[in-house]
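**Student:** whatever this is, show me its structure:
(chains A, B, C and D)
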Number of protein chains: 4
Amino acid sequence: MEKPTAIILLSCPDQKGIVATISNFIFQNNGNILDAAQYSAQPENIFLMRIEWELEGFSIPRGEIAKAFSPLAEKFSMKWDLRFSDYEPKIAIFVSRQTYCFHDLILRHRMGDFRGDISLVISNHLDLKLLAEQMGMKFRHYPITKENRLEQEERELKELKKRKIDLVILARYMQILSGRFVDEYRNRIINIHHSFLPAFAGGRPYQQAYDRGVKIIGATSHYVTEKLDEGPIIAQDVNEISHKDSVETMKLKGKDLERTVLAKAVRLHLENRILVYGSKTVIFD
Amino acid sequence: MEKPTAIILLSCPDQKGIVATISNFIFQNNGNILDAAQYSAQPENIFLMRIEWELEGFSIPRGEIAKAFSPLAEKFSMKWDLRFSDYEPKIAIFVSRQTYCFHDLILRHRMGDFRGDISLVISNHLDLKLLAEQMGMKFRHYPITKENRLEQEERELKELKKRKIDLVILARYMQILSGRFVDEYRNRIINIHHSFLPAFAGGRPYQQAYDRGVKIIGATSHYVTEKLDEGPIIAQDVNEISHKDSVETMKLKGKDLERTVLAKAVRLHLENRILVYGSKTVIFD
Amino acid sequence: MEKPTAIILLSCPDQKGIVATISNFIFQNNGNILDAAQYSAQPENIFLMRIEWELEGFSIPRGEIAKAFSPLAEKFSMKWDLRFSDYEPKIAIFVSRQTYCFHDLILRHRMGDFRGDISLVISNHLDLKLLAEQMGMKFRHYPITKENRLEQEERELKELKKRKIDLVILARYMQILSGRFVDEYRNRIINIHHSFLPAFAGGRPYQQAYDRGVKIIGATSHYVTEKLDEGPIIAQDVNEISHKDSVETMKLKGKDLERTVLAKAVRLHLENRILVYGSKTVIFD
Amino acid sequence: MEKPTAIILLSCPDQKGIVATISNFIFQNNGNILDAAQYSAQPENIFLMRIEWELEGFSIPRGEIAKAFSPLAEKFSMKWDLRFSDYEPKIAIFVSRQTYCFHDLILRHRMGDFRGDISLVISNHLDLKLLAEQMGMKFRHYPITKENRLEQEERELKELKKRKIDLVILARYMQILSGRFVDEYRNRIINIHHSFLPAFAGGRPYQQAYDRGVKIIGATSHYVTEKLDEGPIIAQDVNEISHKDSVETMKLKGKDLERTVLAKAVRLHLENRILVYGSKTVIFD
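**Tutor:** All right, here's what the predicted structure looks like:
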């Protein structure tokens, strides 16, 4: 069992003394820094940092760290989050008819590849109801039509809040979320798109790739924003194809990409390794 | 020294008996098939083939093979080309101010990585004049303005024809060629674009990639058509980047991609391994 | 539903006329060749070929094709196999305690990613008994000790034959098979090794990779031979790592490699795309 | 022109307070930290760090930084180096008959891809003499025989010291260096090996790869130690091959790997991004 750690993710205007001040804060409270990484985004002049230290031996109790850190954060005008490595985030998976990403996430979770509590499955179809319930997850069915979309979203949001969901994973969920929904879960909705974005955004990317005759296909995992397929990219990967590949064999090869890229993005998020600034991510891995 | 071979590249409506007929033609004339590869494009129902056999021992003299093959080609309504592996294609390189692809091609050529006679360098700048001439190539300077573009292209075409140029390589040549020019060298102009097409077509692709926050950059080599950056793709490759990469370091990493992808496309073309159908390529490698 | 095809995989001493003779055989019996690929291995002078044609309309009934092809095969001293695309090979999966490759294969199979009948699971542990049986597979438990190894293998072989198993997949099966076992299933046992062979053969490859400080890890799928980790390689893939990776995170990243590389090898085998010559494979994909 | 920076590379036993102490040192002297990265190697319990800050505005003159930092370094028992980004390291390239890596390095250097002064070329052959001298480099010819090897190495070392060489690049130099030579340039000799080490160490790696039938080839750049091909690995890359590749085409594809991997290693070294501990490297990129 790994020892619990505290992690601060922060961003602020770049200026002298930030690293010194933060590392002093931890050192003077008898903390042992396990990892520290920083990035200065130019020309925006934004300083971003992830710092992780052991809770064991730290002189401030975990419940009071936030309060103790606040004055320092204010001094530098930081946006910041404090996380604890032993917290189990509550996860909801949204899925439509393609279920391989869902199955893959479940399998990885059961194997212990990432931490978290997958407590809710939401779908506009019923295919996974039996399986999800057998595995002890709540399954909610919200069929979507043009007319009821916003209404159903409200129900989804209510369910998410009721269950205190921290992270929404769109595991091949083929409905577009409204701005209101996105806003409630800003930088906490991860989607997998089956192309190398920004190429082939929108529908049927493998067909588009086939028609264009590309020699490489890809998959992209990103946070969802109001603009379809334009959110901050977390992870991408690609695979070589050739003229011999049909749309069908592309889909087959693409599945592997989608599964590994989505899983990578989820793992990075759950390990608190992602900071978003503007329309981009900084990955401290 | 490798033994000379004959290569036929052909396409025709798919139907029974094509492979049998062609392989019989070669076998009955005492030819030894070294390589044969085929592809049937669906739903277009186009059959494409590359077949290569040794000239040594073949009972038809090389000058008469085309004539002997013609009736067979007509029977199947083929579009076809006959090539000989010991022919040295005449190559013109077009280049603007970024010269690393030019240098790379020259170096590979001198090392014997591909066959061909690089006899002409055309540029809208004078930077390479001295070097090209020192290395025994003709250098032609055609500065381009909005007004003189078509006029200069005519001069370029005249020069290409005078020197019987077979292949034009745009090694980071930043001028757009007219439809007339493209038409004269259909499927014989290879361009390198510094992005993973169709993402980031047009100008400043690394800046575009930086702004979008992608995690992978690429390069694409393609035949030039009337539509900018939309010609049949020959080769692509990619490289991982991270938030730490600036536009400058992307350019640095991108150079390696551009050089290797362009060189790969040129080699495939010179080895007669590329067939174009519609807006796509079939690569028999 | 795809139309059923016949596939011949053959190897013989290279000589003139093989392609012509085989394609004539198919053409004269009214067959439509869908794919033909060949390779001439030098300096061994061995010709290898895969040819696939539609059964529909072929004038020889499928039960008599082998007999009709035999004289031609004898003439060229071929080693050859005739396969039909609609045959469902019977598959046994051997597994020890690491079960992610097993789960992955099952999931892919259920999604229809490859054809075949996974009818038997053999393990030296009991972990998967319940699950395998729930999914309708036979589960056989053969615990292995130094003393009983050959004895247990005999039981395994008997079970394989009783169930007419065509293909054995070692999905992280940690026991070494005897020469006798291998001989019974020559080129029909596929193993996944969790390193980029020939680097880090033998036990604990991730620990070996960590100790050596490599920057890339890999996985290798190969046919099993008498010599441990030295059989003909079918597929390999790699992933970048860095000094930040521990043995644990290497294992995590390696799992993805192992799963996709093993699945790729299994798919190539089941689609009859692999020919073995000497200690190597020819992959007609 | 980039502003000059100071870089400290350090390693020491891991303990609390290192980051705080170092960042305070810089902050209190009015320094602006541009980048800081750290790594704690377990189970060795070694802390490694790279920290870079702007010289402009730093209150300690660059000539006195080392002295000022010393007490702090002693307190934590650090091994450390202070570098300045505007220093031009003096580089010697060793080369035998394969010259493409040499040409590639020269081209990159001329294009400004990396900083440094390539002032000396050493070879056991005369092929590059004319070219090197034309380009204003010193060329030294030391033909090697079994008998004169150590003697010639002494001459080489004398030449290196006379010219104050900081970095030796073995750009396909096919002679083995003695322990004495290696010792004089510990962690300052970079070699390129044309395989994915530890696979295919020693001679003729492409032939070895061909004989083994691998599906991927690689190249490895590493610091040279007393043990052939066993030094700390800096960078590796790989390329897919197939059964169709001969040793010749492997060499062709391998050249691209060798050139880019060697160039990457050289760039990382010159940017002071590499720390060696035990037989491994930590790359702060």
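**Student:** and residue A:50, what helix or strand is that in?
**Tutor:** In this assignment (DSSP states H and E), residue A:50 forms part of strand A:46-54.
**Student:** strands paired with that strand, and their directions?
**Tutor:** The pairing partners recorded for strand A:46-54 under DSSP bridges are strand A:5-13 (antiparallel), strand A:33-41 (antiparallel).
**Student:** now render these as TSV, adding distance to residue C:157.
**Tutor:** From N, CA and C alone the C-beta is placed, and that goes for glycine too. Formatted as TSV, those follow (distance: least, Cβ to Cβ, whole Å):
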stretch	distance to residue C:157
strand A:5-13	52
strand A:33-41	52
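**Student:** how about a markdown table for the ones you listed, with mean pLDDT and mean neighbour count added?
**Tutor:** Listed next are the strands paired with strand A:46-54 as a markdown table, based on pLDDT from 0 to 100; neighbours: other Cβ atoms under 10 Å in any protein chain shown:
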| stretch | mean pLDDT | mean neighbour count |
| --- | --- | --- |
| strand A:5-13 | 97 | 20 |
| strand A:33-41 | 93 | 19 |
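**Student:** which residues of the stretch 101-250 of chain A lie near chain B?
**Tutor:** Neighbours of chain B within the stretch 101-250 of chain A, by Cβ under 8 Å from any Cβ of the partner chain: A:196-200, A:211-216, A:218, A:232-238, A:242-244, A:246.
**Student:** now do the strands in the stretch 1-150 of chain A.
**Tutor:** A:5-13, A:33-41, A:46-54, A:79-84, A:90-95, A:117-123, A:138-141 (DSSP state E, counting those that start in this stretch).
**Student:** what sits up against the third one?
**Tutor:** This means strand A:46-54. A:3-15, A:18-19, A:22-23, A:26, A:31-41, A:85, A:272-273, A:275, A:277, A:282, A:284 (Cβ atoms under 8 Å, 6 or more residues apart in numbering or on different chains).
**Student:** just the buried residues of stretch A:265-279, please?
**Tutor:** For stretch A:265-279, burial by neighbour count (16 or more other Cβ atoms under 10 Å in any protein chain shown) applies to A:265-277, A:279.
**Student:** which one of those is nearest to chain C?
**Tutor:** Nearest to chain C among those: residue A:267, at 8.2 Å, using Cβ to the nearest Cβ.
**Student:** the closest one reaches residue A:116, doesn't it?
**Tutor:** No: with contacts counted by Cβ atoms under 8 Å, residue A:267 stays clear of residue A:116, the gap being 9.7 Å.
**Student:** any idea how far the strand holding residue A:50 is from the chain center?
**Tutor:** 18 Å (Cα atoms, centre = their mean, to the nearest Å).
**Student:** could you tell me the angle between that strand and strand A:79-84?
**Tutor:** 20 degrees (axes from the mean of the first three to the mean of the last three Cα atoms, to 10 degrees).
**Student:** so is the strand or helix carrying residue A:249 next to chain C?
**Tutor:** For residue A:249, the host element (DSSP H and E) is helix A:247-270. Yes: using Cβ under 8 Å from any Cβ, helix A:247-270 reaches chain C at A:252, A:255-256, A:260, A:263.
**Student:** likewise for stretch A:184-196?
**Tutor:** No: counting by Cβ under 8 Å from any Cβ, chain C is not contacted by stretch A:184-196; separation bottoms out at 14.7 Å.
**Student:** the nearest residue to residue A:34 once chain neighbours are set aside bridge partners, please.
**Tutor:** Spatial nearest neighbour of residue A:34, chain neighbours left out: residue A:52 (4.9 Å); criterion: Cβ to Cβ, 6 or more residues apart in numbering or on different chains. Note on residue A:52: beta-bridge partners by DSSP bridges are residue A:7, residue A:35.
**Student:** so what touches stretch A:245-258?
**Tutor:** A:100-101, A:172, A:192, A:194, A:206-207, A:209-210, A:217-219, A:237-239, A:241, B:42, C:111, C:113, C:260, C:263.
**Student:** any buried residues in that stretch, and which?
**Tutor:** Neighbour count says stretch A:245-258 has A:245, A:249-258 buried, by 16+ other Cβ under 10 Å.
**Student:** what do you get for stretch A:137-144?
**Tutor:** A:137, A:139-140, A:142, A:144.
**Student:** which one of these sits closest to chain B?
**Tutor:** Nearest to chain B among the buried residues of stretch A:137-144, counting by Cβ to the nearest Cβ, is residue A:144 at 29.2 Å.
**Student:** ok, now which ones touch the closest one?
**Tutor:** Taking Cβ under 8 Å, 6+ apart, one finds A:124, A:152, A:175 in contact with residue A:144.
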